[in-house]
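S.K.: Here is my input, please return the structure:
(chains A and B)
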Amino acid sequence: MIKTVCAEDAGTLRTDRNIKVWKGIRTMLELKHINYQVEENHLEILKDINLTIDERFVAVTGPNGGGKSTLAKIIAGIVEPTSGEILLNGEDITPCSITERARKGISYAFQQPVKFKGITVQDLITLAAGKQITVAEACSYLSEVGLCAKDYIHREVNASLSGGELKRIEIAMTIARGAEFTIFDEPEAGIDLWSFNNLIQVFEDMHEKINGSILIISHQERILNIADKIIVIADGKVVKTGTKTEVLPELLNATDAACKTLMDKIV
Amino acid sequence: MDKIQQSLLEQVADLHTIPEGAYNIRANGKLAGRNTTANIDIVTKEDKPGIDIIIKPGTRNESVHIPVVLSESGLKDMVYNDFYVGENADVTIVAGCGIHNCGVDTSEHDGIHTFYLEKNAKVRYIEKHYGEGDGAGKRILNPTTIIHVGEGAYLEMITVQIKGVDSTVRTTSGDLAEGATLVVKEKIMTHGVQHAETNFSVDLNGAGSSASVSSRSVAKDDSTQCFKSVINGNAPCSGHTECDAIIMDHAKVTAKPELTANHIDAGLIHEAAIGKIAGEQLIKLMTLGLTEKEAEEQIINGFLK
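M.R.: Purely as a prediction, here's the structure:
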């Protein structure tokens, strides 16, 4: 197979984005025949995924181990698909590196935020913003996720922060990036219930204010409820897509996904 | 003092102008400036090169700067500096050595610093080493630090060597009396074919004494580092030593901890981690739009900050 080369960054991303939104043209991400097979054991993680995402807020859900996180990593360029194409606003970004995709407007919030040694919250927010920002600006990003900047700005992003704190910082970074296409991989994972309620508020606000598109992997009904479209992925395949009225009732009643022994235990 | 020497001073002592308080500046093996205060006296040794720094009991919030700069190629400089810190004194001591060598001969500075901390004295000691110059001549720094921490006294030593020193053997030894505390934080980065060796040896002799020795280092290219730390717990005490190193390219790092508990109530801990930069850290920064090289620089800068 002849590999195409990643097109150079246009360098005018941020202005482009504003114009597009102003004109009402949405960011569009297309996945065409995406397959992913693990090399060592030939295990098929994703099987012929075809999706077009041009809504503002799309939720991806489905059982654990179904391939959702792998799909997110393929979009961000962290995992290379075995075959298939990824198009951002019509441009083939399949050969682009993580860095190139980030510069073209893809942002990715990890399910397990990465810890560092010596790098502070301010350092990460500044890198995410891509320019020098004032403490007041950093403060506004952090306050959106319910963190008081003065307590956190100089903290190291290491194990001294709790899982919930790390997760909020991860989300604040995506807000600071303000990218065209943002992926959140289970933002609710590892967050206590109290923090979770505040977090939902963050996503509800984001849904109102967002300029680009959001793809959010989640198991939470409240998040699925605010989605414009829900995609259900199970066993490496897209099993259903549609609006919440089309998808949610079936999803909430589905019990056949789990085996009988397990169901007997939990019901 | 010329431009080169001034720039070296900035690197090792963050000095842009003449410092406030007591100071002794040594340039190319000679005295280049000295100031004493009512509480801090600096006296030239008569039997060997070096100085005695005498800090009166009860001296509070004063500082001593004793930087050394070498800009002459082929100079081998050796000094003995002794610090006498009186009871209840609370001072900051800034030492450091900068070498600029653009000649072909080896320039070397070996400093032997001995600290005597009296009862309840508190010292923050900062030591920076830096080398520059594009000559073939080697830049060698071998600092030796001997620390005697008296009853209830506290010494914090921050030692930094980030760039340009070809070879260094850093030897630090200490003994601690009852209730004394020693905190050592070392930061090292080596590149090219440089070699850095660190030897710590601490004797916890007094009841309730504690020592924490930590090293963060980055070894690039073909450089090598060896971190050795010995802690002997001879009384009810606590000791902690930690080595955290990032290796890159073809660099090699060795960590050799040695803990000996000679008392049933001695609690000693060693932690060591050596490895390349975590892949997920690089990926995270790349998803923010940094190239792999930029991500690497950010991670190392943060690590050594």
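S.K.: Would you confirm that B:Arg124 contacts B:Glu156?
M.R.: Yes: between B:Arg124 and B:Glu156 there is a contact under CB atoms under 8 Å: 5.0 Å. For every residue, glycine as well, the C-beta is placed using N, CA and C.
S.K.: From A:Ser69, how far off is the residue nearest to the spatial centre of chain A?
M.R.: Nearest to the centroid of the C-alpha atoms of chain A, with distances taken as CA atoms, centre = their mean, sits A:Ile183, at 1.6 Å. Here A:Ile183 is placed at a distance of 10 Å from A:Ser69 (CB to CB, to the nearest Å).
S.K.: hey, what's in contact with both of the two?
M.R.: Residues within reach of A:Ile183 and of A:Ser69 at once, by CB atoms under 8 Å, 6 or more residues apart in numbering or on different chains, are A:Ile217.
S.K.: Helices of the stretch 51-200 of chain B, residue ranges please.
M.R.: Remark: no helices are assigned in the stretch 51-200 of chain B by DSSP state H, counting those that start in this stretch.
S.K.: if I pick the closest residue to B:Glu20 other than its chain neighbours, what's in contact with it?
M.R.: Residue nearest to B:Glu20 in three dimensions, not counting chain neighbours: B:Ser63, with 7.2 Å by CB to CB, 6 or more residues apart in numbering or on different chains. Under the criterion of CB under 8 Å, 6+ apart, the contact list for B:Ser63 reads B:19-22, B:91-94.
S.K.: Next one: B:Ser63 from B:Ile231, what distance?
M.R.: Distance from B:Ser63 to B:Ile231, counting by CB to CB: 30 Å.
S.K.: Specify the beta-bridge partners of the closest residue to chain A within the stretch 51-200 of chain B.
M.R.: Nearest to chain A in the stretch 51-200 of chain B, going by CB to the nearest CB, is B:Lys187, at a distance of 10.0 Å. The bridge-partner assignment for B:Lys187, based on DSSP bridges, gives B:Val160, B:Arg216.
S.K.: was I right about it contacting B:Phe227?
M.R.: No: under the contact definition of CB under 8 Å, B:Lys187 does not touch B:Phe227, with a separation of 12.0 Å.
S.K.: what is in contact with those two at once?
M.R.: Shared contacts of B:Lys187 and B:Phe227 (CB under 8 Å, 6+ apart): B:215, B:217.
S.K.: higher neighbour count, these two?
M.R.: Neighbour tally, B:Lys187 and B:Phe227, criterion other CB atoms under 10 Å in any protein chain shown: the higher count belongs to B:Phe227, 27 against 18.
S.K.: Shouldn't the more buried one be within a helix?
M.R.: No: the assignment for B:Phe227 (DSSP: H, G, I helix; E, B strand; the rest coil) gives strand, which keeps it out of a helix.
S.K.: which residues touch it?
M.R.: Taking CB under 8 Å, 6+ apart as the criterion, B:Phe227 is in contact with B:198, B:215, B:217, B:243, B:245, B:253-256.
S.K.: ok, now with 10 Å
M.R.: Contacts for B:Phe227 (CB atoms under 10 Å, 6 or more residues apart in numbering or on different chains) come out as B:170, B:186, B:188, B:196-200, B:213, B:215, B:217, B:241-245, B:253-257, B:272, B:274.
S.K.: Now, these that are in strands?
M.R.: B:170, B:186, B:188, B:196-200, B:213, B:215, B:217, B:241-245, B:253-257, B:272, B:274 (DSSP state E).
S.K.: Endpoints of stretch A:73-80, how far apart?
M.R.: Its first and final residues considered, stretch A:73-80 spans 8 Å by CA to CA, to the nearest Å.
S.K.: before we move on, back to that, which residues are in contact with both of B:Arg124 and B:Glu156?
M.R.: Overlap between the neighbourhoods of B:Arg124 and B:Glu156 consists of B:92, B:183, taking contacts as CB under 10 Å, 6+ apart.
S.K.: Flag the shaky bits of the stretch 51-200 of chain A, pLDDT-wise.
M.R.: Applying pLDDT under 70 to the predicted model, the residue ranges of the stretch 51-200 of chain A that meet it are A:194.
S.K.: neighbouring contacts of the lengthiest helix in chain A?
M.R.: Among the elements of chain A assigned as helix by DSSP state H, the one spanning the most residues is helix A:193-209. Contacts of helix A:193-209 with the rest of the structure, by CB under 10 Å, 6+ apart, involve A:56-57, A:59, A:144-146, A:162-165, A:167-168, A:171-172, A:174-175, A:182, A:184, A:187-188, A:191, A:210, A:214, A:216, A:218, A:220, A:222-223, A:225-228.
S.K.: quick revisit: sort out which of the ones in strands among the contacts of B:Phe227 are buried, if you could.
M.R.: With neighbours counted by 16 or more other CB atoms under 10 Å in any protein chain shown, the ones in strands among the contacts of B:Phe227 contain buried members at B:170, B:186, B:188, B:196-200, B:213, B:215, B:217, B:241-245, B:253, B:255, B:257, B:272, B:274.
S.K.: Spell out which residues of chain B are next to chain A.
M.R.: Taking CB under 10 Å from any CB of the partner chain as the criterion, the neighbours of chain A within chain B are B:216, B:244, B:246, B:273, B:278-295, B:298-305.
S.K.: mind listing which of those are in helices?
M.R.: Filtering the residues of chain B next to chain A for helices - DSSP H - leaves B:279-286, B:292-295, B:298-304.
S.K.: Pull out the buried residues from these.
M.R.: Burial of those was assessed by neighbour count (16+ other CB under 10 Å); the buried members are B:281-286, B:294-295, B:298-300, B:302-304.
S.K.: so B:Lys119 touches B:Gly150, yeah?
M.R.: Yes: with contact defined as CB atoms under 10 Å, B:Lys119 counts as touching B:Gly150 (5.1 Å).
S.K.: what do these two both touch?
M.R.: Residues touching both B:Lys119 and B:Gly150 by CB under 10 Å, 6+ apart: B:87, B:177-180.
S.K.: residue contacts, B:Leu176?
M.R.: Applying CB under 10 Å, 6+ apart to B:Leu176 gives the contacts B:117, B:147-151, B:153, B:155, B:182, B:202-206, B:208-211, B:234-235, B:237, B:239.
S.K.: what does B:Thr172 give?
M.R.: Applying CB under 10 Å, 6+ apart, we find B:Thr172 in contact with B:113, B:127, B:143-147, B:157, B:159, B:182, B:184, B:186, B:198-202, B:213, B:229.
S.K.: repeat that with 7 Å
M.R.: B:145, B:184, B:200 (CB atoms under 7 Å, 6 or more residues apart in numbering or on different chains).
S.K.: Quick check: the last one touching B:Val213?
M.R.: Yes: applying CB atoms under 7 Å as the test, B:Phe200 and B:Val213 come out as touching, 5.1 Å apart.
S.K.: Spit out the residues that contact those two alike.
M.R.: With contacts taken as CB under 7 Å, 6+ apart, B:Phe200 and B:Val213 have B:184, B:229 as neighbours in common.
S.K.: Excluding chain neighbours, what is closest to B:Gly267?
M.R.: B:Ser238 (4.7 Å).
S.K.: Dihedrals phi and psi, the one you found?
M.R.: Geometry field for B:Ser238 lists phi and psi as phi -130, psi 140, criterion degrees, to the nearest 10.
S.K.: Which stretches in the stretch 51-200 of chain A count as helices?
M.R.: With DSSP H, counting those that start in this stretch applied, the stretch 51-200 of chain A shows helices at A:68-76, A:98-103, A:121-129, A:135-144, A:149-152, A:163-177, A:193-209, listed in chain order.
S.K.: The first one near chain B at all?
M.R.: So that's helix A:68-76. Yes: under the criterion of CB under 7 Å from any CB of the partner chain, chain B is reached by helix A:68-76 at A:Ala76.
S.K.: Just give me how far that helix sits from the chain centre.
M.R.: Distance of helix A:68-76 from the chain centroid (CA atoms, centre = their mean, to the nearest Å) equals 9 Å.
S.K.: Would you mind listing the buried residues in that helix?
M.R.: With burial defined by 16+ other CB under 10 Å, the residues of helix A:68-76 counted as buried are A:68-76.
S.K.: Check the last one too.
M.R.: Within helix A:193-209, the residues that qualify as buried are A:195-196, A:199-200, A:202-203, A:206-207, counting by 16+ other CB under 10 Å.
S.K.: Sounds good, over and out.
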